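Student: Show me the folded form of this:
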Amino acid sequence: MDMNRRQAFAALAGVGTGMTIAIDPAHAAITSATAGDGPPAVARRRIPSSGELVPMIGLGTSRTFDVDPAGAEMPARVAVMRAFLDAAGSLIDSSPMYRRAEAVTGALLERVARFDVFFATKVWTDEGREVGIAQMESSIDKMKASPVMDLMQVHNLVDWRTHLPTLREWKAAGRIRYLGITEMRDFEAVEKLMREEDLDFIQIPYSIGDRRVEERVLPAARDTGTAVLVMRPFERGRLFGKVRERPLPEWAAEIDCASWAQFFLKFVLGHPAVTCPIPATSKVHHLVDNMAAGSGRQPDEAMRRRMAEAMG
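Tutor: Predicted structure coming up:
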C-alpha cells in the first residue's frame with residue numbers, strides 16, 4: 001500500500017519507526033539514532049505553531065534548479081534530489097521567481113518516485129488577488145504538491161496586504177498548512193509583521209558573515225513562536241572565498257564539524273530561533289556535506305562566539 005503524505009510526516013517524526021529519539025531542549029531539536037553503521041540521521045526541529053517536526057537542513061532551488069526539464073543537466077539534479085531524500089531531508093523551497101525551478105522540482109520528484117516532502121513556495125506578484133491565486137495554483141501543480149501545499153509565503157513582501165488575507169483563507173480551507181513571508185532587506189517590516197500578523201514562518205538571509213537579523217528579527221521570532229527558514233547561509237559562496245586557503249580549526253571537531261560548509265551551517269543552526277537553513281546546490285557531494293551539518297553536536301552560544309571570532 002502506498003504511503004500518503006500524512007503517514008510520511010508521521011514516519012519522519014519517528015512514530016512507529018523504532019528509532020531512538022533524544023530531545024535537545026536548548027534547540028528544540030529531535031535527534032534520530034539509526035541502527036547499524038550508517039550515517040546518523042538529520043536531526044529535526046519543531047515548527048513552533050504546530051509542534052510538527054521538520055529536518056533541520058532543507059533544500060533551496062534558486063538558480064540550481066532553473067534548468068531545462070528535458071536537458072542534459074537533469075541527471076545531476078536527479079542525483080541531488082535522491083541524495084537529499086536518502087539523507088532524510090524533506091523541506092524543499094522554491095518560488096515563481098526562480099523561473100523553471102518549481103516545474104523541475106516536480107519533475108525530479110516524479111523521477112525518484114518520492115512525494116513524502118514538505119513543499120514550500122511563494123506568491124510573487126503585484127498584479128492583485130486573482131493573479132496571485134492563479135500563480136499559487138500553478139505553483140502547486142508544477143511542484144506536484146496537490147492537494148495541499150505545506151507552506152506558502154509572500155515573496156519579498158510583494159503586495160503582502162493583498163496576499164496574506166488570501167493565504168489565511170486558504171489555510172482555513174485546508175489548501176495550505178502554513179503561511180509566511182520572506183524578505184532580504186526590510187527587517188523592520190519583518191519584525192512588525194511577526195508581531196501583528198500571526199505568521200507561521202519567516203524566511204530571511206542569515207550567515208556567520210551577515211548577522212543583522214540577530215539584533216531584532218530572531219529574538220522576535222522566538223517571542224512570537226515563528227519558524228525561521230534561512231536563505232543564503234553561504235552568502236552565495238562568498239564565505240568559502242574567505243577561507244579558501246585556511247584549514248578548518250581543529251576545535252571544530254568539538255561540534256562534529258568536518259568541513260567549512262558544516263561550520264557555516266552549524267553556526268546558523270546554533271541560534272535557538274533558527275528552524276532550517278535551505279542551502280541550494282547542484283552537486284551531490286555538496287549536498288551530502290550540507291546534510292551532515294544537521295547531525296551531531298550543535299554549537300552553544302560560547303562556541304558560536306568562538307566561531308565568529310575565527311572568521312574575523
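Student: make it CA atoms for all contacts and neighbour counts henceforth
Tutor: Fine.
Student: Spell out, range by range, the strands that occur in this structure.
Tutor: Using DSSP state E, the strands of the chain run over 20-24, 29-33, 44-46, 53-55, 59-60, 91-93, 118-123, 149-154, 176-182, 201-205, 227-231, 276-277.
Student: For these, please prepare TSV with the additional fields mean pLDDT and distance to H163.
Tutor: What follows is the strands of the chain, written out as TSV (pLDDT from 0 to 100; distance: least, C-alpha to C-alpha, whole Å):
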stretch	mean pLDDT	distance to H163
strand 20-24	34	36
strand 29-33	55	32
strand 44-46	97	26
strand 53-55	98	25
strand 59-60	98	23
strand 91-93	98	18
strand 118-123	98	8
strand 149-154	98	7
strand 176-182	98	10
strand 201-205	98	15
strand 227-231	98	19
strand 276-277	98	24
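Student: And the helices in the stretch 101-250 of the chain, which stretches?
Tutor: 101-112, 129-143, 160-173, 187-197, 217-224, 238-242 (DSSP state H, counting those that start in this stretch).
Student: Let me see the mean pLDDT of the last one.
Tutor: In other words, helix 238-242. The pLDDT scores in helix 238-242 average 96.
Student: And for the third one?
Tutor: Taken as a whole, helix 160-173 has an average pLDDT of 98.
Student: wait, isn't G106 in contact with K144?
Tutor: Yes: look at G106 against K144 with C-alpha atoms under 8 Å: they come within range, at 5.1 Å.
Student: Tell me, please, the helix or strand in this protein that averages the lowest pLDDT.
Tutor: Every helix and strand in the chain was compared by mean pLDDT, DSSP states H and E; the lowest is strand 20-24, with a mean of 34.
Student: so A261 touches D289, yeah?
Tutor: Yes: using C-alpha under 8 Å, A261 is in contact with D289, at 7.0 Å.
Student: neighbour count winner among the two?
Tutor: A261 (21 against 15; other C-alpha atoms under 10 Å).
Student: so what's the closest residue to the more buried one other than its chain neighbours up against?
Tutor: Counting by C-alpha to C-alpha, 6 or more residues apart in numbering, A261 lies nearest to N290, which is 6.3 Å off, once chain neighbours are set aside. Taking C-alpha atoms under 8 Å, 6 or more residues apart in numbering as the criterion, N290 is in contact with 57, 261-262, 265, 279.
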